[in-house]
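J.: need a 3D model of the following:
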Amino acid sequence: MVFGILFCNAQNRDPLFHDPGIYTTFDWSAREPLTITPQVWIYLKDYYLEARYNYEDIRTASLYFGKSFYVGKQTSFEIIPMIGGVVGTINGISPGFNCSLEYKIFSASSESQYTFDMRNSDNSFYWDWTNFSFGVYKNLGVGGSVQIYLPRSGDATYTAGPMINLKFKHLLLEAFSYNIWQDRPIWAFGVQYIFD
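T.: Alright, predicted model coming up:
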């Protein structure tokens, strides 16, 4: 389960990757425990601050700081390079970026990072979560989602599958299905309320 809350300053641009709102996903797979992963982020003008828990690992907190770069007219694009500190099961630093793109009926977003564990380098890893969707009918979108986990030691994990989203005024509903061809697929459902 991922729980995110966004508080965003009024900006003289269209919010993209981090619309002001509350976002919650419920993520589980067979024989795996449900994990609650809160995320809170805020814009301070063009600067960006994000706090996470259980994101990099269980019982691990992280705090990221970055700067937003935004271009928007016919195509809207935002990228936020950032650096984070991680404490808990993993202790270290984590450079990464968030980015988003919107063009007509197409939208995409990505969260990517490399986390260095300063106590045990074998726990270091690369992580990426990328989503894309096409608006197919009014407020309905369909697309796909990919998650990549590349640990410094151990086996890499790739999950992929279809996604669907539905927007109604300030509400966004999303559904993800990862690795449905395997005997232990992962299902995720998200709800976001977007504030004015």
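J.: three-state assignment of the residue sitting furthest away from the middle of the chain?
T.: Of all residues in the chain, residue 119 has its C-alpha farthest from the mean position, at 26.0 Å, by C-alpha atoms, centre = their mean. Per DSSP: H, G, I helix; E, B strand; the rest coil, the secondary structure class of residue 119 is coil.
J.: again with the one 3 residues further on
T.: Classification of residue 122 into helix, strand or coil gives helix, according to three-state DSSP.
J.: tell me the confidence at the closest residue to it other than its chain neighbours?
T.: For residue 122, the nearest residue in space outside its immediate sequence neighbours is residue 153; the separation is 4.3 Å by C-beta to C-beta, 6 or more residues apart in numbering. (C-beta placed from N, C-alpha, C; glycine too.) pLDDT, residue 153: 90.
J.: residue 4 too?
T.: Checking the pLDDT column for residue 4, the value is 34.
J.: same question for residue 168.
T.: pLDDT at residue 168 comes out at 86.
J.: I'd like to know how many residues surround it.
T.: Residue 168 has 9 neighbouring residues, counting by other C-beta atoms under 10 Å.
J.: do the one 3 residues further on as well
T.: The number of residues packed near residue 171 is 13, by other C-beta under 10 Å.
J.: hmm, back to that, helix or strand for the residue nearest to residue 122, just tell me which one.
T.: Take DSSP states H and E as the rule and residue 153 turns out to sit in neither a helix nor a strand.
J.: picking up where we left off before, state the distance from the residue farthest from the centre of the chain to residue 52.
T.: Using C-beta to C-beta, to the nearest Å, one gets 19 Å for the distance from residue 119 to residue 52.
J.: what do you get for residue 150?
T.: 19 Å.
J.: neighbour-wise, which of the two wins?
T.: Looking at residue 150 and residue 52 with other C-beta under 10 Å, you find the greater number of neighbours at residue 52, namely 21 against 15.
J.: skipping adjacent residues, who's closest to the residue sitting nearest the centre point of the chain in space?
T.: Central residue check for the chain by C-alpha atoms, centre = their mean: the C-alpha nearest the mean position is that of residue 111, 5.2 Å away. In this structure, residue 111 finds its nearest non-sequential neighbour in residue 129, 4.8 Å apart by C-beta to C-beta, 6+ apart.
J.: and that neighbour, how many neighbours?
T.: 17.
J.: that one sits in which helix or strand?
T.: Using DSSP H and E, residue 129 maps to strand 125-137.
J.: from the chain's centroid, how far away is that strand?
T.: Between the mean C-alpha location of strand 125-137 and the chain-wide mean there is a distance of 9 Å, by C-alpha atoms, centre = their mean, to the nearest Å.
J.: list the buried residues for it?
T.: In terms of neighbour count (16 or more other C-beta atoms under 10 Å), strand 125-137 has its buried residues at 125, 127-133, 135.
J.: same question, stretch 81-92
T.: For stretch 81-92, the buried set under the neighbour-count rule, 16+ other C-beta under 10 Å, comprises 82, 84, 86, 90, 92.
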